[in-house]
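Asks: Show me the folded form of this:
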Amino acid sequence: MTTTPLRTVMLIDDNDADNFFHGMMIERSGLASELLVFEWAEKALAWFQARPGHAVDLVLLDINMPRMNGFEFLEQFHQLPAAQQADVRICMLSSSPLETDRVRAFGFPRVTDFVVKPLGDDFLSQLTKACDIRR
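Replies: The predicted structure follows:
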């Protein structure tokens with residue numbers, strides 16, 4: 001099977017090392033044409049608010065971040081007009097293996113997957129599963 005590339009993947013995580021590692025893996029895989037990285041969730045939200053015709057297909061969202069956590073981002077993201085949500089799929093990335101976090105995440109309609117960090121070698125297969133991408 002061939003890979004159906006994503007237009008844009010957005011990483012939202014306050015951890016520079018995680019952003020570097022995840023970004024490197026995505027770029028090397030050819031999974032996306034563009035990669036956007038935000039350390040602060042509120043800056044990513046403002047980016048979406050300013051770009052109703054954006055090309056983001058996937059957001060990799062950390063849960064535990066200062067200022068605005070992943071759940072606060074989700075609450076505000078889901079209040080955006082439909083044009084700004086477009087066809088965005090969200091994969092939660094967390095160091096928390098708590099089932100309550102998983103259940104809460106899947107309560108948001110755009111969340112398609114929940115992955116516990118640290119990410120392993122199966123990271124790309126997890127992403128392709130989360131995005132319904134055929135490899």
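
Asks: contacts and neighbour counts: CA atoms only from here.
Replies: Fine.

Asks: and the helix or strand where residue 92 lies, which strands flank it?
Replies: Taking DSSP states H and E as the criterion, residue 92 maps to strand 89-94. Pairing partners of strand 89-94, with direction, according to DSSP bridges: strand 56-62 (parallel), strand 111-116 (parallel).

Asks: residues making contact with that strand?
Replies: Strand 89-94 is contacted from outside by 57-64, 70, 105, 110-117, 127, 130-131, using CA atoms under 8 Å, 6 or more residues apart in numbering.

Asks: what comes up buried for that strand?
Replies: If you call a residue buried by 16 or more other CA atoms under 10 Å, then strand 89-94 has these buried ones: 89-94.

Asks: if we can go back for a sec, give me the buried subset of the contacts of strand 89-94.
Replies: Buried members of these, scored by 16+ other CA under 10 Å, are 57-64, 70, 105, 110-115, 127, 130-131.

Asks: so what's residue 130 scoring on pLDDT?
Replies: Looking at residue 130, its pLDDT reads 56.

Asks: hang on, I meant residue 96
Replies: As predicted, residue 96 sits at a pLDDT of 77.
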